[in-house]
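Asker: Next come a sequence and a model predicted from it.
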Amino acid sequence: MRAAESIRLTCQKLYPDAQVLHIDMTDYLDGIAHIYVIWFYSFFSVHIPSTYKFIYYITDNGFIQKIFPLLAPIIRLGSRKLFKRINDYRPDEIIATHFLPPLILPKKISAPVSVVITDYNAHRIWLAPKVKTFFVATDEIKNDLEKLNIKSVVSGIPIHPHFFKEKNTDELKKQLNIENDWPVILIMPIFFGSII
């Protein structure tokens with residue numbers, strides 16, 4: 001979500017004449033799609049992170065690329081509102097920051113799809129066929145994809161334009177009541193503060 005919003009804000013700043021719409025696909029899902037995308041991920045990553053970690057690792061292989069297209073039609077059933085929203089907007093390009101859209105988008109949506117892999121690993125589930133461009137965080141991921149004959153662009157993971165504004169360190173320390181010259185370390189926990 002944050003990566004997608006960062007892309008929208010950056011496009012808005014650099015290309016003010018372009019129309020950019022950020023769609024949170026979870027707002028448009030129901031039925032099985034809602035259960036899989038929202039409930040399954042939230043439940044396992046928060047309550048049983050070891051199971052989520054296990055599923056993550058066992059699905060990082062070529063088999064998942066063969067089995068997921070068989071499951072995609074079931075998720076498509078709960079995605080009709082999402083497809084209608086995309087068709088109504090008629091985009092020239094779709095940029096996905098989640099692995100699911102390129103896997104479930106029907107052929108009638110003619111806009112090319114690019115994918116920003118927002119992990120520091122190119123898990124096989126991200127590698128949907130017919131993706132125009134993969135954007136990755138590091139050269140290592142690019143090299144891993146090249147071994148699979150997949151081309152990619154090293155772009156980093158999108159961040160909010162606010163992070164690029166120059167700031168005065170002394171003033172920030174005063175605002176945060178930091179009264180020393182020690183280095184400041186920012187610790188950023190992952191999803192719901194849980195570590196997997």
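Answerer: That came through fine.
Asker: Show me what whichever helix in the chain runs longest packs onto, helices and strands only.
Answerer: Across the chain, the longest stretch assigned as helix under DSSP state H is helix 62-77. Under the contact criterion of 3 or more C-beta pairs under 8 Å, 6 or more residues apart in numbering; DSSP states H and E, helix 62-77 touches helix 31-34, helix 100-104. The way it works is simple: take the backbone N, C-alpha and C, and place the C-beta from them, glycine included.
Asker: Tell me the helix or strand right after the longest one.
Answerer: What that stands for is helix 100-104. Using DSSP states H and E, the helix or strand that follows helix 100-104 in sequence is strand 113-116.
Asker: Report the buried residues of that following strand.
Answerer: Residues Val113, Ser114, Val115, Val116 are the ones in strand 113-116 that count as buried (16 or more other C-beta atoms under 10 Å).
Asker: repeat for stretch 26-44
Answerer: If you call a residue buried by 16+ other C-beta under 10 Å, then stretch 26-44 has these buried ones: Tyr28, Leu29, Ala33, His34, Tyr36, Val37, Phe44.
Asker: out of these, which one sits closest to Phe135?
Answerer: Val37 (21.4 Å; C-beta to C-beta).
Asker: How much space separates the closest one from Gln65?
Answerer: 19 Å (C-beta to C-beta, to the nearest Å).
Asker: The buried residues of stretch 26-44 in helices, which ones?
Answerer: Ala33, His34, Phe44.
Asker: Do you know the pLDDT at the second one?
Answerer: Confidence at His34, expressed as pLDDT, is 79.
Asker: residues in contact with Asp139?
Answerer: Neighbouring residues of Asp139 by C-beta atoms under 8 Å, 6 or more residues apart in numbering: Val154.
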